[in-house]
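> I'd like to go over a predicted model; first the sequence, then the structure.
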Amino acid sequence: MLLRRRATSKIALGVAAVLAPTLLSTTAAATPTADPGSSVNVAATASAAMSSLTWRGCDADVPATVECTTLDVPLDHRKPSGKKLELSLSRIKAADPAKRRGVLLFNPGGPSGSGLFYPLALSGLLPQSVKDRYDLIGFDPRGVGASSPLACGTTTADERLTYRPYKDATFAKDVAWARDIAQGCRNLNKDTLPHISTRNTARDMDIIRAALGERKISYFGLSYGTYLGSVYTQLFPQRADRFVLDSAVDPKRVWRSMSQSWAVQAETAFDRWTAWTARNSARYGFGDTSAEVERLFWDIVARADREPLDLGGTVFDGAEVREYIRWQITHPSVAADTLGLLRDAAAGKPVPTFPTFVPTDNELASYLAIMCGDARWPTDPAVYQADSRRDSVRYPLYGDSVSNVFPCAFWDRPLEAATKVDNKVPALIVQNEWDSQTPLVAAQGLRRALKGSRLVTVDEGQGHGVYSLGISTCADEHTTTYLITGRLPARDVTCAADPQAAADSRSASPNLAPVPARLPFSGR
């Protein structure tokens with residue numbers, strides 16, 4: 001969801017959207033009055049944005065079918081003539097001009113995910129019928145990547161590890177780290193940081209719409225991108241055309257509560273994985289029951305806490321073992337293979353190098369800017385300490401880390417309150433039943449907030465991301481139909497996962513590949 005970070009290149013693969021059987025015209029649903037915040041001078045900037053884009057070729061390693069440009073937007077939308085930020089955009093024109101409907105904007109999640117070349121990444125996955133009808137528009141949100149990037153001045157991997165396992169002995173050190181990170185970000189972005197928020201990114205999207213000369217935009221958002229899309233529908237309900245929200249964030253849980261949901265869902269995913277591994281004991285030999293597989297795993301964690309494991313030259317303690325497996329357990333065979341390597345390492349046998357990932361300073365900075373700038377967090381370290389102690393018992397796989405102190409505790413107060421999403425704008429929400437990054441309950445929460453939406457749930461669907469990933473042919477067909485026709489299902493729909501996806505959840509898509517352990521973020 002929101003939040004899975006991993007190394008990506010410009011042309012990294014991604015995801016898109018979903019739909020259903022009995023169809024209802026999206027024009028039938030009434031749209032409410034826009035959130036008052038939508039009028040924060042976006043209109044004053046829109047006319048200036050018209051015809052302001054000069055498209056050109058991108059980098060030499062990017063195909064000629066992709067064009068790039070930049071667009072200036074106000075740092076503070078209340079002051080449209082004031083300081084500007086520069087956004088970087090990309091475009092792949094509709095393949096069939098005769099069928100062209102409009103533009104389809106993308107956000108790959110994060111927050112802090114670069115979306116500039118996301119349309120190119122998806123172009124091999126999207127149906128031709130979608131590519132025929134839309135200009136595919138990518139962009140880096142404000143503060144991210146090539147769009148006036150933020151910085152926090154960090155230089156080491158340890159500084160950028162934001163979700164830290166709780167220990168009484170290290171809590172004071174964690175509090176000092178969180179305070180220092182917040183201060184470093186503030187020092188380097190004094191004027192900019194208060195204006196990095198999801199609401200302002202949504203306002204930027206409306207300026208992009210105007211600059212493209214479009215009356216409305218269509219949109220595909222994955223993970224955090226579902227929250228960005230829902231905020232846009234609240235601010236600009238009359239400007240939203242066909243919105244697909246894949247692997248959803250519950251807008252009522254932004255952000256700490258949403259983060260803590262990862263710990264809850266990780267326990268369910270862990271139980272499902274140990275059961276799957278036990279059923280395949282002839283293949284793996286880890287035990288014939290879930291309890292035996294679980295005992296093996298926790299024995300390895302305890303061993304790593306006593307003496308860190310050498311994983312091909314990379315040293316992992318018990319918390320890092322827990323984090324590594326947490327990312328993999330929705331892909332059972334991948335996690336089982338990893339457990340075998342962990343067992344070998346614990347026995348002193350040589351194993352291949354485990355891939356690790358150190359985020360860039362900009363990825364950290366832009367992630368924190370949204371997480372801390374969208375909503376208030378507790379400011380008393382004692383709250384984090386109490387929650388971590390409690391959740392380490394309730395959710396032993398990840399609860400201590402996700403509830404521990406965070407830089408947002410020392411962030412400046414957000415300029416605006418978190419957006420209350422409550423409207424009847426038509427949208428399609430697509431969700432796997434067993435997604436540990438954006439749990440099904442979050443998608444159901446978004447469905448309640450977007451009263452004109454429909455929810456397509458993939459029964460027994462596992463992993464993060466649905467559309468065009470080989471998860472469910474049924475869900476893919478519903479989504480494609482919606483993007484082409486604009487008609488929503490008459491009611492919420494349950495689709496079956498495709499047999500191979502349900503059996504193993506291993507996918508060819510990099511979006512579903514195992515994620516390295518040393519990550520600052522949870523979910524994208």
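Yes, it's here. Predicted, not measured: the structure shown is a model, and the values here were computed from it. Numbers count the residues shown, from 1 in each chain.

> Helices of the stretch 1-150 of the chain, start to end?
Per DSSP state H, counting those that start in this stretch, the stretch 1-150 of the chain carries helices over the ranges 42-49, 118-122, 128-133.

> Run the chain-centre distance for the second one.
Just to be clear, that refers to helix 118-122. 16 Å (CA atoms, centre = their mean, to the nearest Å).

> Report the secondary structure element holding the closest residue to Y284 other than its chain neighbours.
Of all residues not flanking Y284 in the chain, A336 sits nearest, at 5.1 Å (CB to CB, 6 or more residues apart in numbering). In this view, the C-beta of every residue, glycine as well, is placed from N, C-alpha and C. Secondary structure from DSSP states H and E places A336 in helix 332-346.

> Who are the packing partners of that helix?
Counting contacts by 3 or more CB pairs under 8 Å, 6 or more residues apart in numbering; DSSP states H and E, helix 332-346 is packed against helix 256-279, helix 281-284, helix 290-306, strand 309-311, helix 318-328.

> Let me see the mean pLDDT of the first one.
Average pLDDT, helix 256-279: 95.

> buried stuff in it?
For helix 256-279, burial by neighbour count (16 or more other CB atoms under 10 Å) applies to 256, 258-267, 269-270, 272-274, 276-278.

> With the second one instead?
Within helix 281-284, the residues scored as buried using 16+ other CB under 10 Å are Y284.

> related to what we said a few turns ago, ranking the helices of the stretch 1-150 of the chain by mean pLDDT, which is last?
Note on these: helix 42-49 shows the lowest mean pLDDT, a mean of 58.

> quick one: low-confidence ranges for this protein?
Counting by pLDDT under 70, the chain shows low-confidence ranges at 1-34, 36, 38-51, 501-524.

> Please repeat the previous calculation with a cut-off of 50.
Residue ranges of the chain with pLDDT under 50: 1-32, 505-524.

> Just the strands from the stretch 151-300 of the chain, written as ranges.
Secondary structure of the stretch 151-300 of the chain by DSSP state E, counting those that start in this stretch: the strands cover 217-222, 240-246.

> Not counting residues beside it along the chain, what's closest to D317?
The nearest residue in space to D317 (CB to CB, 6+ apart) is P308, at 4.6 Å.

> residue contacts, the one you found?
For P308, the contact set (CB atoms under 8 Å, 6 or more residues apart in numbering) comprises 315-317.

> what do you get for I137?
In this structure, I137 makes contact with 89-91, 103-106, 119, 208, 212, judged by CB under 8 Å, 6+ apart.

> closest to G113 out of the strands of the stretch 151-300 of the chain?
strand 217-222 (8.2 Å; CB to CB).

> Give me the contact list for the closest one.
Residues from elsewhere that reach strand 217-222, judged by CB under 8 Å, 6+ apart: 14-17, 101-109, 134, 205, 208-209, 227-229, 232, 239-247, 465, 467, 483, 524.

> Hmm, R56 and A64 touching each other?
No - A64 lies out of contact with R56 (CB atoms under 8 Å); the separation is 10.9 Å.

> re the thing from before, looking at the contacts of P308, which is nearest P381?
D317 (23.3 Å).

> To what extent is the residue nearest to Y284 buried, counted in neighbours?
For A336, the neighbour count with other CB atoms under 10 Å is 21.

> could I get the contacts of I137 as JSON lines with distance to P499 and neighbour count?
Output for these, formatted as JSON lines (distance: CB to CB, whole Å; neighbours: other CB atoms under 10 Å):
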{"residue": "L89", "distance to P499": "40", "neighbour count": "23"}
{"residue": "S90", "distance to P499": "36", "neighbour count": "25"}
{"residue": "R91", "distance to P499": "37", "neighbour count": "21"}
{"residue": "V103", "distance to P499": "36", "neighbour count": "22"}
{"residue": "L104", "distance to P499": "30", "neighbour count": "29"}
{"residue": "L105", "distance to P499": "33", "neighbour count": "29"}
{"residue": "F106", "distance to P499": "29", "neighbour count": "26"}
{"residue": "P119", "distance to P499": "30", "neighbour count": "26"}
{"residue": "I208", "distance to P499": "40", "neighbour count": "21"}
{"residue": "L212", "distance to P499": "41", "neighbour count": "20"}
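
> Any idea how many residues pack against P63?
For P63, the count of nearby residues is 11 (other CB under 10 Å).

> Got phi/psi on it?
phi -60, psi 150 (degrees, to the nearest 10).

> Against S114, how distant is it?
17 Å (CB to CB, to the nearest Å).

> Pretty sure I471 sits against G461.
Yes - the pair I471 and G461 qualifies as a contact (CB under 8 Å) at a distance of 5.3 Å.

> Can I have the buried ones of the contacts of strand 217-222 as a PyMOL selection?
Only the buried entries of those go into this PyMOL selection, using 16+ other CB under 10 Å:
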select buried, resi 14+15+16+17+101+102+103+104+105+106+107+108+109+134+205+208+209+227+228+229+232+239+240+241+242+243+244+245+246+247+465+467+483+524
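
> Next one: the nearest residue to S281 once chain neighbours are set aside from R279, what distance?
In space, and not counting its chain neighbours, S281 is closest to D288: 4.9 Å by CB to CB, 6+ apart. Applying CB to CB, the value for D288 to R279 is 9 Å.

> ok so, going back, and the contacts of I137, which is closest to F354?
Distances from F354 to the contacts of I137, taken by CB to CB, are shortest for F106, at 31.1 Å.

> Hmm, Y134 and the closest one touching each other?
No - using CB under 8 Å, F106 makes no contact with Y134, being 10.3 Å away.

> What segments of the stretch 351-500 of the chain are strands?
Ranges of strands within the stretch 351-500 of the chain are 428-434, 454-462, 487-489, 493-496, based on DSSP E, counting those that start in this stretch.

> For these, give me JSON lines that also has distance to P74 and mean neighbour count.
Output for the strands of the stretch 351-500 of the chain, formatted as JSON lines (distance: least, CB to CB, whole Å; neighbours: other CB atoms under 10 Å):
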{"stretch": "strand 428-434", "distance to P74": "31", "mean neighbour count": "27"}
{"stretch": "strand 454-462", "distance to P74": "35", "mean neighbour count": "25"}
{"stretch": "strand 487-489", "distance to P74": "34", "mean neighbour count": "22"}
{"stretch": "strand 493-496", "distance to P74": "41", "mean neighbour count": "19"}
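
> can you put those strands in JSON lines and add distance to P80?
Formatted as JSON lines, the strands of the stretch 351-500 of the chain follow (distance: least, CB to CB, whole Å):
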{"stretch": "strand 428-434", "distance to P80": "33"}
{"stretch": "strand 454-462", "distance to P80": "36"}
{"stretch": "strand 487-489", "distance to P80": "35"}
{"stretch": "strand 493-496", "distance to P80": "42"}
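
> Could you pull up the residues touching S230?
245, 249, 251, 419, 421, 427, 446, 449-450.

> And W276, by the same measure?
Listed by CB under 8 Å, 6+ apart, the contact set of W276 reads 332, 336.

> Next one: it relative to H478, how far apart?
27 Å.

> same question, Q265
Counting by CB to CB - Q265 and H478 are separated by 24 Å.

> Repeat that for P350.
48 Å.

> The two - which one has more neighbours?
H478 (27 against 10).

> I'd say the more buried one and D492 touch.
No - with contact defined as CB under 8 Å, H478 does not count as touching D492 (10.9 Å).

> re the thing from before, mind checking how far the helix holding A336 is from the chain centre?
26 Å.

> Going by neighbour count, which residues of stretch 288-300 are buried?
Buried, per 16+ other CB under 10 Å, within stretch 288-300: 290, 293-294, 296-297, 300.
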